[in-house]
Each structure stands twice: as C-alpha cells, then as structure tokens.
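Trainee: quick one, structure for this:
(one chain, ligands or ions: 1)
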Amino acid sequence: MTTKLLFTVVLVCSLAAAQAPEKSSAGPEIVVSAKALQIHNSALVVDTHADTPQRFLDDGFDIGSTDPNDKGDISLDKAKRGNLGAEFFSIWVDPETNQGRFAKHTFDLIDSVYEQAARHPDRMMMAFSPNDIDRAHKEHKLAALMGIEGGHSIENDIHLLRDYYRLGVRYMTLSWSNTNEWADSSGDIDDLKVLHHNGLTDFGKQVVLEMNRLGMMVDISHVADKTFWDAIATTKAPVIASHSSARALVDAPRNMTDDMLKAVAKNGGVVQVNFFSGFVDENFRRAMMAQAKDQAAAIQKYTDDLKAQGKPVDYVEIDRMEREWMAKIPRPPLKSLIDHIDHIAKVAGVDHVGLGSDFDGVSGATPAGIDSAADLPKITQALLDRGYTADDIRKILGGNLMRVFREVEGVRNEMQAPSPATK
Ligand SMILES: [Zn+2]
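Mentor: Reported below is the predicted structural model:
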C-alpha cells in the first residue's frame, strides 16, 4: 500500500492543466518463448526499487504469502517465477505523516525487511554487497537489500547516515518528492511556498561525499534537475537512478532528460527504468492529470471524514481507492516500458540501463502484462524481439547494476585507504 501516489497526483493536479486522454491499446498478449526464458533464467536479475516494506510494516504482509488474491507485486513465490535474484527494498518515510520522527520510522522499516528475511531463511537472505548477491543467487535465495528513499531520513545528521549504512542500507535517494533541507526535489520545485536551495547545499555535497566514502550508492531519482547536476559534479563514484524513466518520451519532471542520461553514462552510472504507467506512457500521464483533481478531492474527503471522527487514516483503504482511480485509465502496452529501456540504451548506451520497477509503489498502474515480479521474463522477450543480444539483455536485467555496485565499493576502498603519511 502507499500514499506516495496520492502525493504525486496532488502535485500533478496543482501544477498542470487537464488534458483529454487519447485512446490507448494494451496490445497483444506476450508469450515468452523457450529462448527468452533460457536467457532470462541465465541472468542475475536485479530490481532496484520496491515499496514492499510499507506492506510489511503497516499491513502485516508476509513475503511468503501465496494468496492468489493478493494484489501485491512482490512475494517470494512471484520473485521465483520471475527469476528475480535481488531486490532493493525501499525504505520510504512519508514526510507528511512522520514529522518529528523520520529516523524512528526509517529504523522501523529497516527492521521490517530483516524480519521477513528471518522468517524465510530458506528462500531469502539479507545482502549488503555484490558478493552477497552472488552468494544468494547461487543458493537460490532472493537477495534482500535496502535503499533509503529521501534524504530527509538522515535528519540533517551525518552520524545517522553512517548508522543506516551500518544497518545495511546501500543506496540513498537524495530527495523524495519533497525538497529537504539540503536537496531540491523535482516534486515541488515549482512550488513557491517551498524553500529551495538551487540544487544541493554545501551540507548536501558533504552527504554525497560521505556516501562515496561509505560505499553507499548515490541515487538521483526524484531530485530536481539542478540537484542532479550538483550531485554529478560532486560524486567520486558512479551514481544510480534507482527508478527513473526518460523525459524525451514522457514529459514528467521525475523523468530524466537526454542530457542527464548522457551525463550518467559519462559518470559510469546506471539508470534503472521505472515501470509506472504515468512515467512510461504519455497517454496514461495525460489521463492521470485529467482525473487528478477529482481523485485528490475524493481521497481528501475520505481522510477528512476519518480525522473528523477521530480515527486514524486507513492507508489500506487509501491504497484501495488509488487502485480504483488508476484502474479507470486504460493500461498502456508493455511496448511503452520497453521504449524507455530502448531509448536509454540508445542515448546513454546499453551499459547504463537497468530495471527499477517501483513495484508496490504505484497502486497497480503498470503496463499491460506486468502484474507482478513473476512477469519479468516478458521484458526479456520484448528486448529479444527488438534485437537485443543475450549479453546485452543480461546487462540490462542486472549486470549493469552489479558493475556499478562493485565500482562504488572500489571508490570506497580507495577513499578509506590510509594515506601514505599514516601508513
Ligand atoms: Zn519513488
């Protein structure tokens, strides 16, 4: 479940004029061939963004669930069917509802991931490095990693950043949709009520360098354009975009321009494509904007009614409502998602693109055919159909992310090496 989409929709609503949607077709059913399946199953598949921890913590969801009616994108069963080898679980703290306790909620979400791994030691293990991911893969277990989504989690405290690293967090998104006290976000960059910094503050640059020194990947998804350029100019290690798509194809401020894609390539990093229909399909995005006002009003009324009755806001119910609103819009074809992978592979190079699904964070709004992690082989089929080689497909499915992760560790080792004077 998630309230993330609500925030996105409210923003879109306040910033953009409604436009009528065009007709969209979901396209034909995708059949995965034996050849595609063989390539897919020979790959180490790494996804860098799933919001499942909110389900663990607030919903009591067990990742071992085999409930056929479960609407979630991730379970151990679904991961197995999709040959998902490693998942970076998103540690996302809603900045609105967690005022004054960002760190506490961050710790609770981190704990929820460990608890799931402890419950299923035969099929899942915590992983903190590329070597751990390889080991989990050999043991046929899902490697569980963690990334913090939103720099507000560190509460402007570098000590907390280091504590999160020690607990296993291996990337941090510099901002979520909210500008924090040291990094501007694309989510509110046009909101005049928000105090902006023209990118990263001096402290924000220190955070980036400390992440480099620790070996925590710098994630530039969600950030404002200027924050991106400041991060690229500051970092000593390759960056990732854990879940971002291409702005040349869909004009969402969360998506990356071609100049940014080229800059990530030059930096040696990787852009992990977000599956959310509103980021990969222009028709869907326009339809979403057209209904945004009504959707926001309906959800606002629901939360106001609950508050008036003195009841807590029921996130499960909000997620149900968001799913209903998203389901009003025709699902885009899988082609829309593949177009983004293809575009980034062409602009940045095939060594700089991967998968960052945003599973369990988009209220079911994924392209047709992608209903959960079990459907990942369809992406391999679609890439094969476009002429990608098996080697290139394996890079996209996870090889590129593994390379960047290892390079980030290499930079960490260099930065932590004792200087000649102290040897
Ligand atoms: Zn996100």
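Trainee: can I have stretch 377-384 written out in CSV, keeping just the CAs?
Mentor: The C-alpha trace of stretch 377-384 is given here as CSV (Å, rounded to 0.1, in the frame of the first residue of the first chain):
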residue,chain,number,x,y,z
PRO,A,377,10.5,-12.7,-18.3
LYS,A,378,8.2,-10.8,-20.6
ILE,A,379,10.7,-7.9,-20.6
THR,A,380,13.4,-10.3,-21.8
GLN,A,381,11.1,-11.5,-24.6
ALA,A,382,10.3,-7.9,-25.6
LEU,A,383,14.1,-7.0,-25.7
LEU,A,384,14.8,-10.1,-27.7
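Trainee: what about that stretch, distance to the chain center?
Mentor: 20 Å (CA atoms, centre = their mean, to the nearest Å).
Trainee: ok, stretch 35-46 next?
Mentor: Using CA atoms, centre = their mean, the distance between the centre of stretch 35-46 and that of its chain works out at 22 Å.
Trainee: show the average pLDDT along it.
Mentor: Averaged across stretch 35-46, pLDDT comes to 98.
Trainee: show me the contact partners of it.
Mentor: Here stretch 35-46 makes contact (CB atoms under 8 Å, 6 or more residues apart in numbering) with 32, 82-88, 133-134, 137, 354-355, 376-377, 380-381, 384, 390, 393-394, 397-399, 401-402. For the C-beta atoms, the positions are set from N, CA and C on the backbone; glycine is no exception.
Trainee: which parts of that stretch are buried?
Mentor: Of the residues in stretch 35-46, 36, 39-40, 43-46 count as buried by neighbour count, 16 or more other CB atoms under 10 Å.
Trainee: can you list which of these are found in strands?
Mentor: 45-46 (DSSP state E).
Trainee: output the buried residues of stretch 35-46 in TSV; the columns should cover distance to Ile158.
Mentor: Listed next are these as TSV, based on distance: CB to CB, whole Å:
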residue	distance to Ile158
Ala36	46
Ile39	43
His40	41
Ala43	37
Leu44	33
Val45	34
Val46	28
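Trainee: now the contacts of stretch 35-46: which count as buried?
Mentor: By 16+ other CB under 10 Å, these give 32, 82-88, 133-134, 137, 354-355, 376-377, 380-381, 384, 390, 393-394, 397-399, 401-402 as buried.
Trainee: can you tell me which of the buried residues of stretch 35-46 is closest to Leu76?
Mentor: Lowest distance from Leu76 to these (CB to CB) belongs to Val45, with 14.3 Å.
Trainee: that closest one and Ile396, how far apart?
Mentor: Distance of Val45 to Ile396, given as CB to CB, to the nearest Å: 10 Å.
Trainee: how about Asp258?
Mentor: Using CB to CB, Asp258 is found at 18 Å from Ile396.
Trainee: who's more crowded, these two?
Mentor: Ile396 (28 against 15; other CB atoms under 10 Å).
Trainee: just say helix, strand or coil for the more buried one.
Mentor: Recorded secondary structure, Ile396: helix (DSSP: H, G, I helix; E, B strand; the rest coil).
Trainee: I'd like the numbering to begin with 48 instead of 1 from here.
Mentor: In the new numbering, first residue 48, that becomes Ile443.
Trainee: tell me who's in contact with it.
Mentor: Here Ile443 is in contact with 388, 392, 397, 400-402, 430, 435 (CB under 8 Å, 6+ apart).
Trainee: local confidence estimate at it?
Mentor: In this prediction Ile443 is given a pLDDT of 99.
Trainee: same thing with the one 3 residues further on?
Mentor: The confidence metric pLDDT takes the value 98 at Gly446.
Trainee: for the residue nearest to it when sequence neighbours are not counted, phi and psi?
Mentor: Take Gly446 and drop its neighbours on the chain: the residue closest to it by CB to CB, 6 or more residues apart in numbering is Leu91, 7.1 Å away. Backbone torsions for Leu91, taken as degrees, to the nearest 10, come to phi -90, psi 110.
Trainee: again, but for Gly446
Mentor: phi -60, psi -40.
Trainee: need the longest helix for this protein.
Mentor: Assignment by DSSP state H gives helix 329-355 as the longest helix of the chain.
Trainee: buried residues, that helix. List them.
Mentor: Of the residues in helix 329-355, those buried (16+ other CB under 10 Å) are 329-339, 342-343, 346, 350.
Trainee: which single one of the residues you listed is nearest to Asp120?
Mentor: Phe331 (17.4 Å).
Trainee: and the contacts of Ile443, which is closest to Gln319?
Mentor: Nearest member of those to Gln319, counting by CB to CB, is Gly401, at 4.4 Å.
Trainee: can you tell me the closest non-neighbouring residue to the closest one?
Mentor: Distances taken as CB to CB, 6+ apart put Gln319 closest to Gly401, at 4.4 Å, once the chain neighbours are dropped.
Trainee: can I assume that neighbour sits in a strand?
Mentor: Yes. Going by three-state DSSP, the assignment for Gln319 places it inside a strand.
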